[in-house]
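Engineer: For reference, the sequence and a predicted model appear below.
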Amino acid sequence: MSPRSTLTLRWRSAEVLAWSFGAVCFGVWFAGRIEGSVGSRRALAQFRDSHAAVTAGVPGPVLAGITNHPDQRLWSPVRIRAWIEAQSQPEPRPLGILRIRRLGIEVPILEGTGEDVLNRAVGHIEDTSVPGERGNSGIAGHRDGFFRPLKDVRDGDVLELDTARGAARYTIERTWIVDPEDVSVLDPTPADSVTLVTCYPFYFIGSAPQRFIVRAVRAPS
C-alpha cells in the first residue's frame, strides 16, 4: 500500500471514531433529557395527588407539568449519567412546587440539598423554614439545571409556591452575590421570605466560586 493510501485510510478511521464518539455523547444527552422530564413530571403529579388528599377533597393546583427543562449543553457525560441515575432512585414526596412564570420555571421542591435531590429537582435547605410556612425558606438548585433561568431574573418578578398549606405569592425584591461561606442569607427575616441559592457565575466552567442569591418576600393576601 502506498504512503498516500495509508494516510487516507488513517484519516477515514479517525473520522469514523469521531462520528461514533459524537453519537454516543448525543445518546447519553438525549436519554438524560427524557429521564429528567419523566421524573420531574412524576414528582409534580405526586405533589398534586398528595395536596388534594391533605385538603380533604379540595382539588389541588392545576399542574400542566414542567415548563422548563434543564439546560444540559454544558453538562459533562459523567454529570448526565449521575442525573439519570438520580431518576431511578426512590422518589421522595415533594414539599411543594416552585414557579416563576416569567422565566418559565416550574419545579418540584424536595427535602435536602444532596446531589440525589439537586439532580432531580430543587432542594429545601436544612434549618430554614419549610416552604409555605412562616419565616425564611431557603431553596437551592443547580445553575446549569432548573435555576439556569435565574440569570434573567428581575426585581418585581412573581414567585409562587404551591404547598399543602395552599398557594402563596412572593415578590422578588433583590438579588446579590456572596461567597460560599456567607450563610447569613439564610438567617430569619422580618417578613416571610423565600431565598433561592445557586452557584455563580452561571456559565463558569468547573466549580463556581460564588453564590447567586434571590430574595422574594411574601405578598399581602
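Structural biologist: Thanks, I have the structure now.

Engineer: can you list the weak-confidence ranges in this protein?
Structural biologist: Low-confidence segments of the chain (pLDDT under 70): 1-80.

Engineer: As a check, name the ranges of all helices in it.
Structural biologist: 3-54, 77-87, 115-118 (DSSP state H).

Engineer: shouldn't Ile172 be in contact with Ile213?
Structural biologist: No: if you go by C-beta atoms under 8 Å, Ile172 and Ile213 don't touch, sitting 11.0 Å apart. No exception for glycine: its C-beta is placed from N, CA and C like everyone else's.

Engineer: remind me, longest strand of this structure?
Structural biologist: Ranked by residue count, the top strand of the chain under DSSP state E comes out as strand 166-178.

Engineer: Adjacent strands (with direction) for that strand?
Structural biologist: Using DSSP bridges, strand 166-178 pairs in its sheet with strand 158-163 (antiparallel), strand 210-218 (antiparallel).

Engineer: Pick the most buried one from those.
Structural biologist: Of all these, strand 158-163 has the most neighbours on average by mean count of other C-beta atoms under 10 Å, namely a mean of 22.

Engineer: re the thing from before, show me what the longest strand of the chain is in contact with.
Structural biologist: Residues outside strand 166-178 that contact it (C-beta atoms under 8 Å, 6 or more residues apart in numbering): 61, 100, 132, 153-161, 185, 193-194, 200, 210-219.

Engineer: One more pass at 7 Å, please.
Structural biologist: Applying C-beta atoms under 7 Å, 6 or more residues apart in numbering, the contact partners of strand 166-178 are 61, 132, 153, 155-161, 185, 194, 200, 210-219.

Engineer: Likewise for stretch 201-208?
Structural biologist: 143, 148, 151, 199-200.

Engineer: Against Pro131, how distant is Thr195?
Structural biologist: Shown here: Thr195 relative to Pro131, a distance of 11 Å by C-beta to C-beta, to the nearest Å.

Engineer: what do you get for Arg165?
Structural biologist: Taking C-beta to C-beta, one finds Arg165 at 9 Å from Pro131.

Engineer: mind checking the end-to-end distance for stretch 188-196?
Structural biologist: Distance between the two ends of stretch 188-196: 14 Å, counting by C-alpha to C-alpha, to the nearest Å.

Engineer: Ok, stretch 148-159 next?
Structural biologist: Termini of stretch 148-159 sit 15 Å apart (C-alpha to C-alpha).

Engineer: And stretch 141-156, by the same measure?
Structural biologist: Termini of stretch 141-156 sit 21 Å apart (C-alpha to C-alpha).

Engineer: and that stretch, which residues are buried?
Structural biologist: Neighbour counts over stretch 141-156 (16 or more other C-beta atoms under 10 Å) mark 141-148, 150, 153 as buried.

Engineer: And for Ser88, the neighbour number?
Structural biologist: Ser88 has 9 neighbouring residues, counting by other C-beta atoms under 10 Å.

Engineer: Kindly provide the distance from Gly185 to Ser137.
Structural biologist: Check again: residue 185 is Val, not Gly. 12 Å.

Engineer: before we move on, what about Phe212?
Structural biologist: 17 Å.

Engineer: repeat for Ser88
Structural biologist: 28 Å.

Engineer: Using JSON lines, lay out the contacts of stretch 201-208 together with distance to Leu118.
Structural biologist: Shown next, in JSON lines, are the contacts of stretch 201-208 (distance: C-beta to C-beta, whole Å):
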{"residue": "Arg143", "distance to Leu118": "10"}
{"residue": "Arg148", "distance to Leu118": "13"}
{"residue": "Lys151", "distance to Leu118": "17"}
{"residue": "Cys199", "distance to Leu118": "11"}
{"residue": "Tyr200", "distance to Leu118": "15"}
